[in-house]
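[1] show me how the following folds:
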Amino acid sequence: MIKFKSNLNKKDLTLEELGFLETEMLKKMKNKEAAWGLWAGLHFWGAHRFYTEDFKYGSAMFLSIMLPLTAIIILLYNDTINLLFYIFLGLTACSLLWSWIDAFFLNTRINDFNETVEQSILDHIRETRNA
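    Numbering: from 1, shown residues only. This next block holds a predicted model:
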């Protein structure tokens, strides 16, 4: 059976469907203030990426700060300041720079996430109408 995907507009919804849409959006949507709070406090760990469910980049950001910091701590513990120390220090600085550049795209990422969630809820409503 071939399903034709038609876009369902919010204007076409009944009051019950609008209530369902609003309830589901309140459950699933991401808040910009929460994302900015996470970015402000934990940007170098990639917490804002995990919040927006972008787990690949969140994990990459987490590892790109954790591995160099761990290496720096080990090198300092051994009283070894050599070329490796400066390389890991540079990698840490690059990771912090990445998180600051990432801030410019945070609002867009939240808007895109919320639009995707809304569209998936509208698709669910359309499927229940057709069932």
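
[2] can you show me the helices along this structure?
    Shown for the chain, the helices assigned by DSSP state H span residues 15-28, 32-42, 47-51, 55-77, 83-102, 106-130.

[3] which of the ones you listed sits closest to residue 7?
    Among the helices of the chain, the nearest to residue 7 by CB to CB is helix 106-130 (7.8 Å). (Glycine included, C-beta is placed from N, CA and C.)

[4] pull out the buried positions in that closest one.
    Across helix 106-130, burial judged by 16 or more other CB atoms under 10 Å covers 106, 109-110, 113-114, 117-118, 121-122, 125-126.

[5] could I get these in CSV, plus columns for distance to residue 13 and pLDDT?
    Formatted as CSV, the entries for the buried residues of helix 106-130 read as follows, by distance: CB to CB, whole Å; pLDDT from 0 to 100:
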residue, distance to residue 13, pLDDT
106, 30, 94
109, 27, 94
110, 24, 96
113, 21, 95
114, 17, 95
117, 16, 93
118, 12, 92
121, 10, 91
122, 8, 90
125, 7, 88
126, 10, 86
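
[6] quick one: closest of the helices of the chain to residue 9.
    Evaluated over those, closeness to residue 9 peaks at helix 106-130, with 8.3 Å, by CB to CB.

[7] now the angle from that closest one to helix 15-28?
    Using axes from the mean of the first three to the mean of the last three CA atoms, to 10 degrees, one finds that helix 106-130 and helix 15-28 are set 140 degrees apart in direction.

[8] with that, I have no additional questions.
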